[in-house]
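*Asks:* Predicted coordinates and the sequence they were generated for:
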Amino acid sequence: MFAALVMTVFAGNAGAQSDSATELAPVPECSNNKGEAVQFSNTDRGRPGLAAGMAIRDKSGTPVVFRSNFAAAPREFQQFIDRHECAHHQTGDVDRPHPPRNGPEHLMNEAISDCVAIRRLRDEEGFGREAFDKVTAALRTDMAKIGFPESSIASRIRNIAGCFENPASAGDLIRQVLQERGLPVQ
């Protein structure tokens, strides 16, 4: 049984898809804060047109990221979702009690995962301004489709932009979060 379920839903961005949008991005390397390899699994479950990621431990206790309807999202956004969900494993979110949805701790966990994701893309995949803009454009469009107010959308994008511009690595942030949470640092 898992202690927490972490799920992020992103609406498909059909209007901004690139030619490779129906191609699934390869899964990134990912291990959790305990050094366990995170498995990635593709599914078409869920609402059509909604790309989603979910970080969880499966019934056998294996850390997993479920990738749902990824063909609905541009490749750069798929990469962002994968790394965002991986970050929930890397920072120990999955093995901690899940905080109340949209409460301060939940929103902080999401902001940290966004930050880890964009820094990994910048440092490991060479994402520059053009790729960053594709991610944030898809995020803006999709959050608006789901019904988020502009203030929430703008705040999230400002956080991601600040993380992208900060020269610190994703690993630096992960170590800091683990230390603050009193979790072992690998």
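*Replies:* Here it is on my side, so go on.
*Asks:* Where is the longest helix in this protein?
*Replies:* helix 104-124 (DSSP state H).
*Asks:* Roughly how far does Asp142 sit from Leu121?
*Replies:* Distance, Asp142 to Leu121, using CB to CB, to the nearest Å: 17 Å. All C-beta spots, glycine's among them, are computed from the backbone N, C-alpha and C.
*Asks:* sorry, back to before: which residues does the longest helix of the chain contact?
*Replies:* Helix 104-124 is contacted by residues 6, 8, 28, 76, 79-81, 83-88, 90-91, 93, 98-100, 127-128, 131-132, 135, 156, 159-160, 163-164, 166, 168-170, 173-174, 177 when judged by CB atoms under 8 Å, 6 or more residues apart in numbering.
*Asks:* How about the secondary structure of the nearest residue to Asp58 once chain neighbours are set aside?
*Replies:* Nearest non-adjacent residue to Asp58, counting by CB to CB, 6 or more residues apart in numbering: Val64, 4.9 Å away. With DSSP: H, G, I helix; E, B strand; the rest coil as the basis, Val64 sits in strand.
*Asks:* do you know how far Val64 is from Ile56?
*Replies:* 6 Å.
*Asks:* now do Arg101
*Replies:* On the measure of CB to CB, Arg101 and Ile56 end up 15 Å apart.
*Asks:* Have a look at the two and say which one is more surrounded.
*Replies:* Ranked by neighbour count (other CB atoms under 10 Å), Arg101 and Ile56 place Ile56 first, with 19 against 8.
*Asks:* Give me the angle between the strand ranked longest in the chain and helix 104-124.
*Replies:* Longest strand in the chain, counting residues (DSSP state E): strand 50-57. Comparing the axes of strand 50-57 and helix 104-124 via axes from the mean of the first three to the mean of the last three CA atoms, to 10 degrees yields an angle of 100 degrees.
*Asks:* so how far is strand 50-57 from its chain's centroid?
*Replies:* Centroid separation between strand 50-57 and its chain, computed with CA atoms, centre = their mean, to the nearest Å, is 9 Å.
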